[in-house]
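# Okay, here's the prediction I keep looking at, along with the sequence it came from:
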Amino acid sequence: MADFDQRETPELIRALSPALYGDRDVFAREKQAIFARTWRLVGHENMLASAGDFITDDFAGTSIMLVRGADEEIRAFYNICPHRAGPLATEFTGNCGHELTCKYHGWRFMLDGRLRAARDFGNAAGFDPRDFGLKPVRLEQWRRFLFVVMDEDAAPLAALMAPIEEAWPETAIQPFALRRSHEIACDWKAYVENYLEGYHVPTLHPTLDAEIVSEDYQVEMHDQVAVHTAPSKGEDAVYTGFWGWVFPLLGINVYQHGVMMERISPVGPDRTRLDYLYFFDPARRDELEAMLKLSDAVTAEDVWICERVQKNLTSGVYEPGPLSPRHEGAVRWFQDQIRSRLELDG
Ligand code: FES
Ligand SMILES: [Fe+2]
């Protein structure tokens with residue numbers, strides 16, 4: 001059941017204060033109160049087929065890596081060497097062979113994180129290599145998607161994903177096809193709010209509007225998940241008309257022949273990176289091209305508007321405007337979560 005009626009509110013609801021967008025102190029609080037406590041999608045098991053395969057992820061300034069061990073197990077570590085904080089891997093994905101070597105002074109670690117050799121370190125009383133393994137990060141899987149969380153006390157991933165589990169029938173995930181990143185000069189919240197409403201589809205996205213019945217665009221909220229649905233206009237539509245969103249930074253875009261996991265990566269108070277991971281049926285290469293074209297066009301339109309909104313939010317002129325009860329229920333729901341996690345009154 002939706003948390004509240006999307007179409008009617010007893011009073012006029014106003015948007016968040018613009019002072020929360022693009023602010024250094026707010027971003028520092030969000031790191032602690034939100035990003036360090038919530039699950040982050042890093043990749044899918046099919047991206048780590050062999051021992052030594054790794055994926056890295058830079059998440060709000062913290063670098064994390066997943067690596068498959070010689071024992072087949074996938075483990076997550078901070079991508080931070082315990083010597084003097086060098087990186088173990090700098091590429092998005094690759095294979096490191098049978099060990100991880102720090103890029104700074106060349107300390108070598110086993111794939112399970114234990115320090116194998118501190119290169120040419122010398123003798124120091126009390127130096128025990130067992131004290132200097134890579135620091136593990138909590139890792140859980142949902143439908144073989146790999147998620148990490150920096151908080152040991154966070155609720156299990158399965159609980160978070162339960163509404164998606166119900167709304168999105170399980171289908172085999174196609175092989176990983178490609179990653180695309182897009183930079184946006186806006187606060188991550190401005191982008192998320194844009195993701196959470198279909199109100200702007202007819203005005204901003206002509207190609208998407210040609211594919212779906214925008215008047216029937218629905219967003220339902222369940223715990224920390226928003227489920228978007230819109231009827232497709234034709235059988236050869238690129239989209240299925242289903243999108244999922246998981247608080248705080250994950251979009252799930254389901255296409256006819258694949259899925260794109262949309263990872264929203266806050267980089268700074270007014271910088272956000274979109275990291276798209278596409279999983280697609282390799283036999284449908286032509287549809288992949290069509291899908292990328294549409295996805296790029298829609299992203300460019302969203303980037304364009306979010307950057308202009310960001311500028312206006314921080315102009316000192318804008319005051320919190322009213323939210324549409326018909327279309328912006330999920331924006332309100334998201335902003336309420338921000339208020340509560342940052343312990344704000346208004
Ligand atoms: S920082 Fe990694 S070996 Fe020195
Ligand atoms: Fe959009």
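Happy to help now that I have it. Ligands and ions are numbered 1, 2, ... in the order given.
# for ligand 1, what are the nearby residues on this structure?
Residues of the chain lying close to ligand 1 by C-beta under 6 Å from any ligand atom are 81, 83-86, 102, 104-107. From N, CA and C alone the C-beta is placed, and that goes for glycine too.
# export those to a markdown table and tack on distance to residue 217 and secondary structure?
Output for those, formatted as a markdown table (distance: C-beta to C-beta, whole Å; DSSP: H, G, I helix; E, B strand; the rest coil):
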| residue | distance to residue 217 | secondary structure |
| --- | --- | --- |
| 81 | 47 | coil |
| 83 | 52 | coil |
| 84 | 51 | coil |
| 85 | 46 | coil |
| 86 | 47 | coil |
| 102 | 49 | coil |
| 104 | 50 | coil |
| 105 | 54 | coil |
| 106 | 54 | coil |
| 107 | 52 | coil |
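# got the residues you listed as CSV, with neighbour count columns?
Listed next are the residues of the chain next to ligand 1 as CSV, based on neighbours: other C-beta atoms under 10 Å:
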residue, neighbour count
81, 23
83, 16
84, 10
85, 10
86, 17
102, 24
104, 13
105, 14
106, 14
107, 24
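# Tell me which two of those residues sit farthest apart.
The span of those, defined through C-beta to C-beta, is set by 85 and 106 at 14.4 Å.
# Okay, domains of this protein per the record?
18-37+158-341, 46-142 (automatic domain parsing).
# Pull out the buried positions in the biggest helix by length in the chain.
Across the chain, the longest stretch assigned as helix under DSSP state H is helix 285-313. Residues 287-288, 291-292, 294-295, 298-299, 301-303, 305-306, 309-310, 313 are the ones in helix 285-313 that count as buried (16 or more other C-beta atoms under 10 Å).
# next structured bit after that helix?
helix 329-341 (DSSP states H and E).
# elements contacting that following helix?
helix 188-195, strand 218-222, strand 225-229 (3 or more C-beta pairs under 8 Å, 6 or more residues apart in numbering; DSSP states H and E).
# could you measure the closest residue to residue 20 other than its chain neighbours against ligand 1, distance?
Counting by C-beta to C-beta, 6 or more residues apart in numbering, the nearest residue to residue 20 once its immediate chain neighbours are dropped is residue 26, at 5.2 Å. For residue 26, the distance to ligand 1 equals 32 Å [C-beta to the nearest ligand atom, to the nearest Å].
# Can you name the next helix or strand after the helix or strand encompassing residue 26?
If you go by DSSP H and E, residue 26 is part of helix 24-33. Counting by DSSP H and E, the element after helix 24-33 in chain order, helix or strand, is strand 40-44.
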